[in-house]
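Chemist: Sharing a model that was predicted from the sequence below.
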Amino acid sequence: MASRKNARVLRLPRGRARPARRARDVVEYGRTVVAAEARAIAAVKLDDAFARAVAWILGCKGRVVVTGMGKPGFVAQKISATLASTGTPSLYVHPAEAAHGDLGRIAKDDLVIALSNSGETEEILRLLPALKKIGVRIVAVTRDHANPLARGADLVVAIGAVEEACPLKLAPTASTAVLLAVGDALAMAVLADRPFDREEYALYHPGGKLGRGLMKVREIMRGGEANPVVRESDPLSAAVAVMTETPGRPGATSVVDAAGKLVGIFTDGDLRRLVEHGQTDFGRPVATAMGRNPRTVRPEGLLVDAARVLRQARIDQVPVVDEQGRPVGLLDVQDLLAAKIL
């Protein structure tokens, strides 16, 4: 342990030091911390034990239980969350709470990943005998192979000796950055070797920006009775009536030919322009006033891509068509706003 005498302590101007100079000193020191953590991560040498840990996770029939105490405990929670969100059932167990009943969360088909830089965390060491009795395999992510945690584990992913970025060399900084990086490497190596597509990812992220970004058009499009459709031979009055009577009162209707394929779209904007120019013959076919070759989207397309179509074309509605070009839905800008895509 470094003494206070030998520790590199940040010296900043005090008293009447100019704010600009003090800010530069603070920023410069902050950069040294970031650089120290980057060096610590870059120095990690993963070996065959890492590959075996990935294989154990992939072969785990139960859940991957991640544990750690103090700052590594917060890292453990993040690693567990990353595993769970990418298709690997996982949970975090607090080692102190585990000793008071939470061991019941762990079953013999589970795999335990224990994080401890020193490998001497008492709360984790006290769990080892019980974990052995349960029959789970234990992967230690720790400094080396010689510490107590490593000796009690079934597999050791060694991170090496890490010098903390703290000026006192005490607070977990570089070591937790390394633990997090190795945990992310495990999770991503597992993901790379497991069938897991964007749709599954969206399933586990239904809320927030990530989930919204992976939503499909079919999830919010107006379909069925809420999808307005008229034939190109129908009069304008029929198009206006459909737009008015359709649930949600969309500001547009798709126009199809005799085969049911999309040939155009008629919108509120088109109606206003007709009225402005005195063209009020609503008995004329809608085909004479509709917009031809409208932009379209597919039901399985991403909402973010559909939103891009609306923005770039500066339109408020877009028909949703199937592979045969038949309108199966309508996407309105209000639907995107309600889903917080726009």
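Modeler: In hand now; what should we look at?

Chemist: Could you give the average pLDDT over stretch 71-87?
Modeler: Averaged across stretch 71-87, the pLDDT comes to 95.

Chemist: do stretch 28-38 as well
Modeler: Mean predicted confidence for stretch 28-38 is 95.

Chemist: Name the residues of that stretch that are buried.
Modeler: Neighbour-count burial for stretch 28-38 flags 33, 36-37 (criterion: 16 or more other C-beta atoms under 10 Å). Placement of C-beta: from N, CA and C, glycine included.

Chemist: Please apply the same query to stretch 66-75.
Modeler: 66-69, 71-75.

Chemist: And this structure, split by domain according to the record?
Modeler: For the chain, whose domains are defined here by automatic domain parsing, the residue ranges read 48-196, 217-338.

Chemist: of all those, which lies closest to Ala42?
Modeler: Evaluated over the domains of the chain, closeness to Ala42 peaks at domain 48-196, with 9.4 Å, by C-beta to C-beta.

Chemist: picking up where we left off before, in strands, which of the buried residues of stretch 28-38 fall?
Modeler: With strands taken from DSSP state E, there is no overlap with the buried residues of stretch 28-38.

Chemist: From Pro299, how far out is Gln324?
Modeler: Applying C-beta to C-beta, to the nearest Å, the value for Gln324 to Pro299 is 12 Å.

Chemist: In terms of packing, which of those two has more residues around it?
Modeler: Pro299 (17 against 10; other C-beta atoms under 10 Å).

Chemist: Please state the mean pLDDT value computed over the helix or strand hosting Gly269.
Modeler: Assessed by DSSP states H and E, Gly269 sits inside helix 268-276. In this model, helix 268-276 has an average pLDDT of 91.

Chemist: Tell me the spatial nearest neighbour of Ala43, not counting adjacent residues.
Modeler: Gly160 (6.3 Å; C-beta to C-beta, 6 or more residues apart in numbering).

Chemist: Would you agree the one you found falls within a strand?
Modeler: No - Gly160 is assigned coil when assessed by DSSP: H, G, I helix; E, B strand; the rest coil, not a strand.

Chemist: So which residues lie in contact with the helix or strand where Val75 lies, not counting its own?
Modeler: Using DSSP H and E, Val75 falls within helix 71-85. Contacts to helix 71-85, defined as C-beta atoms under 8 Å, 6 or more residues apart in numbering, come from residues 57, 64-68, 89-92, 94-95, 113, 115-117, 121, 172, 175-176, 179-180, 183-184, 186-187, 190, 201, 204-205.

Chemist: which of these count as buried?
Modeler: 57, 64-68, 90-92, 94-95, 113, 115-117, 121, 172, 175-176, 179-180, 183, 186-187, 190, 201, 205.

Chemist: So which of those residues belong to strands?
Modeler: Using DSSP E, the members of the buried ones among the contacts of helix 71-85 that fall in strands are 64-68, 90-92, 113, 115-116.

Chemist: quick one: which of these is nearest Asp335?
Modeler: Ser90 (34.6 Å).

Chemist: Can you report how many residues lie near Ala140?
Modeler: Residues lying near Ala140 (other C-beta under 10 Å) number 28.

Chemist: Show me what the helix holding Gly269 is packed up against.
Modeler: Secondary-structure packing of helix 268-276 (3 or more C-beta pairs under 8 Å, 6 or more residues apart in numbering; DSSP states H and E): helix 236-245.
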